[in-house]
Structures are given as structure tokens and as C-alpha cells.
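A.B. asks: Provided below are the primary sequence and the corresponding predicted coordinates.
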Amino acid sequence: MRWKFFVAGMIILLSRCGNHHGSPAENGDVHTVVADLRRLLQEKDFFRLEAIFEKNKSTLAPADRLYFQAFIDEAFNRNDRALMESDSVLQTNELNDSALVLLAVLRSDCYFKKGAYGHAAEEDSIILNRYFGYLPKKEIDETKNNFAFHTALTGTAAPSIS
């Protein structure tokens, strides 16, 4: 009976100590890192996104670094930083339209969280006017609702905690 446990333990030990090289993102291949970061962003796995980003950010192009940092900051409620990073990445003119629409959604969310409802409505308008064809119907409807909501709140003071 003991030898069965010994063999099972050795199999587990050898499988863990074998030829493990880590995931491609852990190895730092920049194209794979960017692909993994995009996948984690899509999955909204922000803790893993931040961990892989921090490990590999020095290898990323400046636009990619700003882009992913903005999403990480927004996810952890660092809205002012996310807006600054998104402003900077927009100035690079290096993003494709599908990335730009995600960035506009991020900006709308950040402005809403800050109570800057007019700015949030502006971002919603950009999404609806420029990127309409990049969104599924459900997201278009959601953005229309957000636009109406944000527009209605324009001029309303941001909530404050006393």
C-alpha cells in the first residue's frame, strides 16, 4: 500500500518539476504578452491582467503600456489616472477602431464614476456616432441608455461622501 502512495507522490513531483517553462506571457514574448493581456481584459480578469502587465510592461510599446494601464487603473477605481492615460494613448494615434471603442467605453465609465456626467454623455455620443458598427446590438442599446441617463444627469452635482 505504501508503494502506491510513493509512486503517486513521485508522479506528482516529477510532473511539477519537469520541463516547465511557464506561460508565453510569463516568458515575455511581446506579441504573446499583448495577446494575453487582451484576452485577460476581455475576460475582465483584472488581477491577472495587472500581474502580467507589471511583469512585462517594460517590453510593451508605449501605446500598449498606456492602454492596458488605463484599464487596470479604471478597474481599481483610479479614474483620474485612467483618464490621463487614455488621453495620452489617444494622442499616439496608434490604436485601431476596436481598441478605440473600448477606450471610449472606459472613459465614459470613468467620467460617470467621477460624477462628470456631461463628459460621460460626450463619450457615449462618440461611441454611438463613430463606432456604431463595432458594437453588437445589445451594447448599442446599452450605450443609448447610458447616453440618455448621462445626459439627464448633466448639470447634477457629483455625489459626495460627508
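C.D. replies: Received it, and whenever you're ready, just let me know what you need. Numbering: from 1, shown residues only.
A.B. asks: so where does residue 161 fall, helix or strand?
C.D. replies: Using DSSP states H and E, residue 161 sits within no helix or strand.
A.B. asks: any idea how far it is from residue 55?
C.D. replies: Residue 161 is 35 Å from residue 55, where distance means C-beta to C-beta, to the nearest Å. Placement of C-beta: from N, CA and C, glycine included.
A.B. asks: do the same with residue 46
C.D. replies: Distance, residue 46 to residue 55, using C-beta to C-beta: 15 Å.
A.B. asks: Looking at those two, which has the bigger crowd around it?
C.D. replies: residue 46 (16 against 13; other C-beta atoms under 10 Å).
A.B. asks: can I assume the more buried one is in contact with residue 75?
C.D. replies: Yes: look at residue 46 against residue 75 with C-beta atoms under 8 Å: they come within range, at 4.0 Å.
A.B. asks: Can you tell me the element the most centrally placed residue in the chain falls in?
C.D. replies: The centre of the chain sits closest to residue 71, judged by C-alpha atoms, centre = their mean, with a distance of 3.6 Å. Using DSSP H and E, residue 71 maps to helix 62-75.
A.B. asks: what comes up buried for that helix?
C.D. replies: 63-75 (16 or more other C-beta atoms under 10 Å).
A.B. asks: do stretch 43-59 as well
C.D. replies: 46, 49, 50, 52, 53, 56.
A.B. asks: Nearest to residue 109, out of the residues you listed: which one, please.
C.D. replies: Lowest distance from residue 109 to the buried residues of stretch 43-59 (C-beta to C-beta) belongs to residue 46, with 13.3 Å.
A.B. asks: for that closest one, what are its contacts?
C.D. replies: By C-beta atoms under 8 Å, 6 or more residues apart in numbering, residue 46 lies in contact with 40, 71, 72, 75, 76.
A.B. asks: Let me know the pLDDT of the last one.
C.D. replies: When you say that, I think you mean residue 76. Residue 76 carries a pLDDT value of 97.
A.B. asks: Please apply the same query to the second one.
C.D. replies: Note for residue 71: predicted pLDDT of 98.
A.B. asks: domain parsing for this structure?
C.D. replies: According to automatic domain parsing, the chain comprises the domains 30-95, 103-157.
A.B. asks: which ones are touching residue 113?
C.D. replies: Per C-beta under 8 Å, 6+ apart, neighbours of residue 113: 77, 79.
A.B. asks: From residue 92, how far off is it?
C.D. replies: As judged by C-beta to C-beta, residue 113 and residue 92 stand 24 Å apart.
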